[in-house]
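*Asks:* the amino acid sequence is not available; the structure is as follows:
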Ligand SMILES: [Zn+2]
Ligand SMILES: [Zn+2]
């Protein structure tokens, strides 16, 4: 099994400017100056080992889309702008040579989780099958409206693929594409849903657009059970603790620190911070990840929890 992140930003896509790229190049060359790197291999190793991620890479631009792979059919969470890159890569891969079945699980219907769908290439192809799942009763209307005039030139009804909508009951377990799927309601404006995916003894939890409140301090907090023993927890950590408990309280997102606390309580093996603040650049996100790891050392020094910050293109094998 693997998880591949195609879109990781929250709320809005985030561009990277020419000036920011120039700054990365400048920092890389300055780091390079004092080294004596003779071969291509030494240069590659230097990049991976010695340059911070903010210099050698970028956390990316796309809004939410996560692929959960390793089974047969394609399983995706959310259709933010990242789904466009997934669709294009899929069409150019071996798997894209024949008709495919896609299972798309939606957290909710805010734009940053839907807006990539009109650019999802397989949706235009007769023979492709797309199943869209969620807890909201009006998913089909939302997809229809986002492509209605004057917002988009091709109406939803003009897409070539066969598209079916499925409203799931959070009280019941579901089995889709070889996964046992457990859906749970979350605290977010308009409501959102998280998902647990279990297959071959591995558990992945996708929990974005969720604001954990002081309820999380209770011993019997249901989300500890939702996250229990997950091999990977993808967690909405758009805010710092100061923002989440101050000016952005009730905006529907959570902090990195709460993610660490809940992951430790639930015995999670790997925590991936997700739905990154679109106004933060790569250096700010590097610091955010470092602070999150420091917090784990502070509250649970012996914890084996691994913490990452999702970026477009990150792949995690489980
Ligand atoms: Zn969102
Ligand atoms: Zn939202």
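*Replies:* Ah, there it is. As the structure is a prediction and not an experimental result, all values here were calculated from the model. Ligands and ions are numbered 1, 2, ... in the order given.

*Asks:* so the residue in the stretch 201-318 of the chain that ligand 1 sits nearest to, which of the three states?
*Replies:* Closest to ligand 1 within the stretch 201-318 of the chain is residue 209: 4.5 Å, counting by Cβ to the ion. Bear in mind the C-beta positions are built from the backbone N, C-alpha and C, glycine included. Following DSSP: H, G, I helix; E, B strand; the rest coil, residue 209 is assigned to coil.

*Asks:* ligand 2 contacts on the stretch 1-150 of the chain?
*Replies:* Residues of the stretch 1-150 of the chain lying close to ligand 2 (Cβ under 5 Å from the ion) are residue 110.

*Asks:* okay, strands next: where are they in the stretch 1-150 of the chain?
*Replies:* According to DSSP state E, counting those that start in this stretch, the stretch 1-150 of the chain carries its strands in the segments 2-7, 65-69, 74-77, 101-105, 129-134.

*Asks:* contact partners for the residue of the stretch 201-318 of the chain closest to ligand 1?
*Replies:* Neighbour list for residue 209: 10, 107, 108, 110, 113, 186, 188, 192, 236, 252, 253, 275 [criterion: Cβ atoms under 8 Å, 6 or more residues apart in numbering].

*Asks:* and the pLDDT at the fifth one?
*Replies:* With respect to pLDDT, residue 113 scores 98.

*Asks:* excluding its backbone neighbours, what's nearest residue 198?
*Replies:* residue 180 (4.4 Å; Cβ to Cβ, 6 or more residues apart in numbering).

*Asks:* let me fix that: residue 136
*Replies:* Per Cβ to Cβ, 6+ apart, closest to residue 136 is residue 109, 5.8 Å.

*Asks:* just residue 54 next, same as before
*Replies:* Using Cβ to Cβ, 6+ apart, the nearest residue to residue 54 is residue 282, at 3.7 Å.

*Asks:* quick one: contacts for the closest residue to residue 200 other than its chain neighbours?
*Replies:* Distances taken as Cβ to Cβ, 6+ apart put residue 1 closest to residue 200, at 6.9 Å, once the chain neighbours are dropped. With contact taken as Cβ under 8 Å, 6+ apart, residue 1 is in contact with 68, 69, 70, 71, 199, 200, 202, 204, 317, 318.
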